[in-house]
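A.B. asks: coords please:
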Amino acid sequence: MNPALAAPRGPGLSGTALKRIACLSMLLDHIGASLLENGLFRCSAIDPRLVGLDQLLRLVGRLAFPIYCFLLVEGFLHTHNLKKYTLRMLGFALISEWPFDWAFFSGVYWGHQNVYFTLLLGLLAMKALDTYQTPERMPALKGILGAAACFLAAALLHCDYDVLGLALILALYMTRKDKRAQCIAGAVFSLFEPVAPLAFGLVWFYSGERGGSSKLEQWAFYWFYPAHIFVLGVLANLVLFR
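C.D. replies: You can find the predicted model right below:
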């Protein structure tokens, strides 16, 4: 049994439950970022009450990314086909880029890339550290250089959360054998966002089980990101705030 899952086991939050929570959190965050910040606030006088609503939505939304990072590490550790997993991430990163630009920047914008690129680089960094190890099972120089190349790519591409996001992913990966240490490391490495460390209160109750979900729902988790930001882009740019 993976020691990272030793505490707690049994009743708790499954991987599917964590994904549902992350999806809801992300949706609320993006409603604030797209419909309010890139929509209403850009086109009309700003109502202080709506500013408060936006702040609330964005704060709740800070829970999503740390949960997705934790689930990425779990996926890396348990996938049966890393190549397929990586190509899937790349595919959705490319699919999501135009809806991302449209929803949050109202047009093509090269200065900020969507979060799938961050998760993809996190996968590649973990693969580098896992592939190149010393006899003592510590990261070897080649692995460290491979991970460093992923950090450089994240900085140059200006991925969502960029190098801070990758640091969080690798902190969760390096502490994967101790659930307590993993949650502490995750909380510390997500301090760059207010409220985000609270996500590891939820991660602590991860049961270690994948959880029941249909094949349709499994694919829906991947499609949710590009689909919902596309809808938000339509609302912000074509329907509500033309």
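
A.B. asks: helix or strand right after the longest helix belonging to the chain?
C.D. replies: Ranked by number of residues, the top helix in the chain under DSSP state H is helix 82-105. From helix 82-105 onward toward the C-terminus, using DSSP states H and E, the following helix or strand is helix 115-131.

A.B. asks: Buried residues, that following helix. List them.
C.D. replies: The neighbour-count criterion (16 or more other Cβ atoms under 10 Å) identifies 115-130 as the buried residues of helix 115-131. (Glycine included, C-beta is placed from N, CA and C.)

A.B. asks: now do stretch 77-93
C.D. replies: By neighbour count, with 16+ other Cβ under 10 Å as the criterion, the buried positions of stretch 77-93 are 85, 86, 88, 89, 92, 93.

A.B. asks: Tell me the one among the residues you listed nearest to residue 148.
C.D. replies: Within the buried residues of stretch 77-93, the smallest distance to residue 148 is 18.7 Å, found for residue 86 (Cβ to Cβ).

A.B. asks: contacting residues for that closest one?
C.D. replies: Applying Cβ atoms under 8 Å, 6 or more residues apart in numbering, we find residue 86 in contact with 120, 123, 124, 127.

A.B. asks: residues near the nearest residue to the third one once chain neighbours are set aside, how many?
C.D. replies: Take residue 124 and drop its neighbours on the chain: the residue closest to it by Cβ to Cβ, 6 or more residues apart in numbering is residue 150, 5.2 Å away. By the measure other Cβ atoms under 10 Å, the count of residues near residue 150 is 24.

A.B. asks: check contacts around residue 150.
C.D. replies: Under the criterion of Cβ under 8 Å, 6+ apart, the contact partners of residue 150 comprise 121, 122, 124, 125, 128, 166.

A.B. asks: Okay, the fourth one and residue 134: tell me how far apart.
C.D. replies: What that stands for is residue 125. As for residue 125, its distance to residue 134 is 17 Å (criterion: Cβ to Cβ, to the nearest Å).

A.B. asks: is it true that residue 134 touches residue 141?
C.D. replies: No - shown here, residue 134 and residue 141 do not form a contact pair, counting by Cβ atoms under 8 Å, at 9.1 Å.

A.B. asks: next structured bit after the helix or strand of the chain with the lowest mean pLDDT?
C.D. replies: Across the helices and strands of the chain, mean confidence by mean pLDDT, DSSP states H and E is lowest for helix 41-43: a mean of 74. Read in the C-terminal direction, the helix or strand following helix 41-43 is helix 48-61, with elements assigned using DSSP H and E.

A.B. asks: Can you list the neighbours in contact with that following helix?
C.D. replies: 25-26, 28-33, 36-37, 40-41, 194-195.

A.B. asks: And for residue 115, nearest residue in space, chain neighbours not counted?
C.D. replies: Sequence neighbours aside, residue 160 is the residue nearest to residue 115 in space, at 4.0 Å (criterion: Cβ to Cβ, 6+ apart).

A.B. asks: ok so, going back, report the angle between the longest helix of the chain and helix 115-131.
C.D. replies: Note on geometry: by axes from the mean of the first three to the mean of the last three Cα atoms, to 10 degrees, helix 82-105 and helix 115-131 are set 150 degrees apart in direction.

A.B. asks: Rounded mean pLDDT for helix 82-105, please.
C.D. replies: The average of the pLDDT scores along helix 82-105 is 96.
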